[in-house]
Every structure is written in C-alpha cells, then in structure tokens.
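Visitor: would you be able to build a 3D model of this:
(one chain, ligands or ions: 1)
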Amino acid sequence: MRDAYHDVVIVGGGHAGAQAAIALRAEKFAGSIAIVGEEPDPPYERPPLSKAYLSGAKAFERILIRPPAFWAERDIKLRTGERVVAVDAAARRVTTADGAAIGYGDLIWAAGGHARRLACAGHALGGVHTVRNRADVDRLVRELPAAAEIVIVGGGYIGLEAAAVLVTLGKRVTLVEAQDRVLARVAGAALSRFFESEHRAHGVTLLPGTTVDRIEGVETATGVRLGDGTILPAQLVIVGIGIVPAVAPLIAAGAAGGNGVLVDAQCRTTLPHVHAIGDCAAHASAWADGATIRLESVQNANDQAVVAARTIAGRDAAYAAVPWFWSDQYDLKLQTVGLSTGHDAAVVRGDPATRAFAILYLRRGRVIALDCINAARDFVQGKALVAAGAAIDPALLADPTRPLKSLLPA
Ligand SMILES: Cc1cc2nc3c(=O)[nH]c(=O)nc-3n(C[C@H](O)[C@H](O)[C@H](O)COP(=O)(O)OP(=O)(O)OC[C@H]3O[C@@H](n4cnc5c(N)ncnc54)[C@H](O)[C@@H]3O)c2cc1C
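Guide: Reported below is the predicted structural model:
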C-alpha cells in the first residue's frame, strides 16, 4: 500500500537533494518530484552554520538555498519533518517514521550524514553540542551567553571554524585534537602549522596529541577530563569529529556499501532505480588514485546531483569533477582543489608570513592538489594543473612571480 507516488523521490533536503530537484527541472524533467527531508526547514546552506550563521552575521533567511516560493513554483513538493526509515527497492517504495508509504519511479538518496558523537562518559550531558544542522546551532547560540569557557573536541574544519568565531566573540576557547596536528586528515603538515599559529595568535589554546577521557558534570557539562587526567573547565563543549553517513535504510534494503553507499559514475547504487549523491555516496575517484571515497563538500553534492538528474532524464553524464573545497577562518580564505591524501612532496609557494600563499602537493612528480590561502588566483589557475596531472619542476611551482597558468604544459 502507498499513500503517495512521485516519479522522483529525493530523500534528504540538503545541498545534494535540493540541487537534484533544481537540476531535474533544468533538464526539463516534467514528472512529479518530491523531497522528503527530516529537518523542519526548506533546503538551506550548511557551511554558514560554523561561520556567519554561528557568529550571527547572517540570518537564517539569508542562507536558504532558494527563496521559499521557488519550490512550489517549480512544482517540487517539499515534505519536511519526515524521516525515511525503510526502502523497498522491489516495490519501489519508501516508508517514513510516521508510517507513510511513498512510491517512486526513481529514488535519489541524498541523506548526507549525522554528526558523530563521542562515545565516552558524559557525552550526552547538557551543554555538549555538535554542529550539523540549524537546530544544533540554534541550541548552541542560545547557551552561548552563559558560557565563558568552551572546549572544542576535534581539529578539523568545523572545529577550527567554530573556534575562530567563538574566540572572536570573546570566549575562552580550548581546542583538543587527538592527532599530533590539526587538519591531519585533509591537509599537509605545513598547512596545519600555519593554521595552528593563526589560532594561537588569536588566543585559542590548542592541544594537539590530546585525548578526551570523559565529559565532567551531572546534568550539564562542567568540564572535559583529558587522557592525562587534566580537567579543562567548560560550560559548553562542541564536538566536531566527523559524520556517520545516513545510509542504514539503503544498506538494510540490500544496497552495497558500508561507510556510505556505493555508487557508479552515474551515481547509481547497486539497487535498481536507486541513486545516491552527496556526503553519503561512496565512489571510485580518479583524484584519489582510484580509491573509493566519500567527499564531504558542497561542490561534490552539487555535481553529483547534476549527474543523477541527467541520468534520470535520460542524458549522458558521468561524475569526474575535480574536487574543491573552501574554509573561512578569521580573515583567511582557504580554497582547496584536488585531494592531497597520499602526496609524496609539498611545495610552498609564497611566504606564509604574508598570510597569502599556496601549497602544492605532488605525487610521483605530478600536481594532485593545492591549498590556497588568500590566493584566489592560484586556486583558479591551479585547477588546470590538477586536472591535467601536470608534471612541473617544483622550483618553478615555488616561484610566486610565475603565474601557475604559464606553467601548464602546452
Ligand atoms: C558546519 C558545516 C560547515 C561546512 N562547511 C563547508 C565548507 O565551507 N565548504 C564545503 O564545501 N562544505 C562544507 N561543509 C560540508 C557540506 O555542507 C556538505 O558536504 C553538504 O551539506 C553535503 O550535502 P548533502 O546533501 O549530501 O548532505 P546534507 O547537507 O547533510 O543533507 C542531508 C539531509 O538529509 C536529511 N536526512 C538524513 N537522513 C534522512 C532520512 N532518513 N530521511 C529524511 N531525511 C534525512 C538530513 O537531516 C539533512 O537535512 C560543511 C558542513 C557543515 C556541517
């Protein structure tokens, strides 16, 4: 039995889900489309949650992906506040937590991920927060006035961005990172060192190589006990330790995957008429030496959405875009192109002391990625070097007087 039917049902109204619906209409897809999302709001941009929305510089209305009227104008049904709990691929039907059954012609799974939580004692106390959705940040902002001391667990982009905002708001911020440097999972050591010195200069206490034993407190957090027994007083704790991909209903339905659901270059899962895109989609990437990876970026969500939409609309499409990403901390704009994981050499271009420079990463002599700090021109021009896998003399790459585009082999 089913309560409703749509030619395309999109599960998840985040960046990927919204863009899939937009792209289907751009492809002149005339069938019915519904987005079923568990959050109460229409699709909004997630990156500002740890930046301008957290600081209060941008109101929620300014981070909507499209104005509220857009969806009805394009005949895209938004079913907000509904969580899909089961998929029946043979019957082409999803079921929501409230028991509604929704039939589909094609399913696009765009459910992203949920914030990973600490497993230690005290992880569920009041005052312990994650930063994944609007509700998380609204809750956190409500508690901010009563918090003078804040501990952030995790030195990835979200932890560092939150640290930058909160120390600027006058809070005493300590950031704890288990690895021996921040950004260890995504960037080379030189970039980590640069951001570490920036955060320290702005007053953040950084504790790399430090583990969390437990969160102290009775109902509400009062501090964080570290692995060595030290207790850091804290009225608020922010946990930024990654996500768990939201794929359980698809895996239970028989889709291949585990840490994400496996998709091919057309964003098709191993289940018929079921596609997956965005943070939850695991795909073989030429930019990662052929490894199967998930990318957590707006660009990946948008580009995979377009591929899925074109495939459903019967057009040729294959996902092969060069990955890119950005992060804003203080007055620093980091723009990254390519994936530096597995690099065997890094070249610093320009002087980090000027706070405008780039780092190029090479593997077997070829450029595979760039991190550009306040260096938009290198970001734009460097993309072609990554796309071409160009082999270039490191001494030339290191010379900031030579535009990167002039180094691209003819
Ligand atoms: C704080 C923060 C800052 C970021 N900053 C940047 C940045 O600067 N640059 C950048 O490129 N990327 C950034 N990202 C990453 C980027 O936001 C994500 O890569 C992007 O949102 C992924 O889009 P998505 O649609 O795959 O997933 P999401 O945007 O997470 O959307 C998935 C949606 O599906 C919903 N959902 C999950 N399960 C179900 C279910 N069973 N039923 C119904 N709905 C469900 C979720 O609640 C969510 O609304 C940031 C992310 C965060 C959290």
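Visitor: how about the residues of the protein near the ligand?
Guide: 11-17, 36-39, 46-47, 49-50, 83-84, 110-112, 131-132, 158, 246, 278-279, 296-299, 301, 325-327 (Cβ under 6 Å from any ligand atom). C-beta here means a position set from N, CA and C on the backbone, and glycine is covered the same way.
Visitor: ok, and the closest non-adjacent residue to the residue of the stretch 201-350 of the chain found nearest the ligand?
Guide: The ligand sits closest to residue 278 of the stretch 201-350 of the chain, with a gap of 2.2 Å, by Cβ to the nearest ligand atom. Residue nearest to residue 278 in three dimensions, not counting chain neighbours: residue 16, with 3.0 Å by Cβ to Cβ, 6 or more residues apart in numbering.
Visitor: middle-most residue in the protein, spatially?
Guide: By Cα atoms, centre = their mean, the chain has its centre lying nearest to residue 296, at 3.6 Å.
Visitor: the residue of the stretch 201-350 of the chain closest to the ligand - how many residues pack around it?
Guide: Residues lying near residue 278 (other Cβ atoms under 10 Å) number 33.
Visitor: again with residue 94
Guide: Residue 94 has 27 neighbours, counted by other Cβ under 10 Å.
Visitor: what helix or strand is it on?
Guide: In the assignment (DSSP states H and E), residue 94 maps to strand 93-96.
Visitor: before we move on, what about residue 381?
Guide: Assigned by DSSP H and E, residue 381 belongs to helix 376-388.
Visitor: contacts made by stretch 79-99 with the rest, please.
Guide: Here stretch 79-99 makes contact (Cβ atoms under 8 Å, 6 or more residues apart in numbering) with 2, 9, 11, 13, 34-42, 100-105, 107, 109, 111, 249-250, 252-255, 271-274.
Visitor: touching, residue 389 and residue 367? I think so.
Guide: Yes: contact criterion Cβ atoms under 8 Å: residue 389 and residue 367 qualify, at 7.0 Å.
Visitor: does anything pack onto the strand or helix carrying residue 103? Which helices or strands?
Guide: Residue 103 is located in strand 101-109, with elements delineated by DSSP H and E. In terms of contacts (3 or more Cβ pairs under 8 Å, 6 or more residues apart in numbering; DSSP states H and E), strand 101-109 is packed against strand 4-11, strand 93-96, strand 274-276, helix 298-312.
Visitor: just to revisit the earlier point, can you name the next helix or strand after the helix holding residue 381?
Guide: helix 394-397.
Visitor: picking that back up, distance of the residue nearest to the centre of the chain from residue 235?
Guide: Residue 296 sits 29 Å away from residue 235, going by Cβ to Cβ, to the nearest Å.
Visitor: follow-up on the earlier one: the residue nearest to residue 278 in helix, strand or coil?
Guide: The three-state assignment at residue 16 reads helix, by DSSP: H, G, I helix; E, B strand; the rest coil.
Visitor: what about it, neighbour count?
Guide: As a burial measure, residue 16 scores 30 neighbours (other Cβ under 10 Å).
Visitor: same thing with the one 3 residues further on?
Guide: Residue 19 is flanked by 26 other residues according to other Cβ under 10 Å.
Visitor: so where does it fall, helix or strand?
Guide: helix 15-26.
Visitor: and if you look at residue 114?
Guide: Residue 114 is part of strand 113-115, with elements assigned from DSSP H and E.
Visitor: re earlier: surely the residue nearest to residue 278 touches residue 301?
Guide: Yes: here residue 16 reaches residue 301: they are 3.8 Å apart, a contact under Cβ under 8 Å.
Visitor: and for the two, which residues touch both?
Guide: 110, 277-279.
Visitor: next up, the contacts around the nearest residue to residue 258 once chain neighbours are set aside.
Guide: Nearest residue to residue 258, sequence neighbours excluded (Cβ to Cβ, 6+ apart): residue 251, at 7.3 Å. Residues near residue 251 by Cβ under 8 Å, 6+ apart: 257-258, 261.
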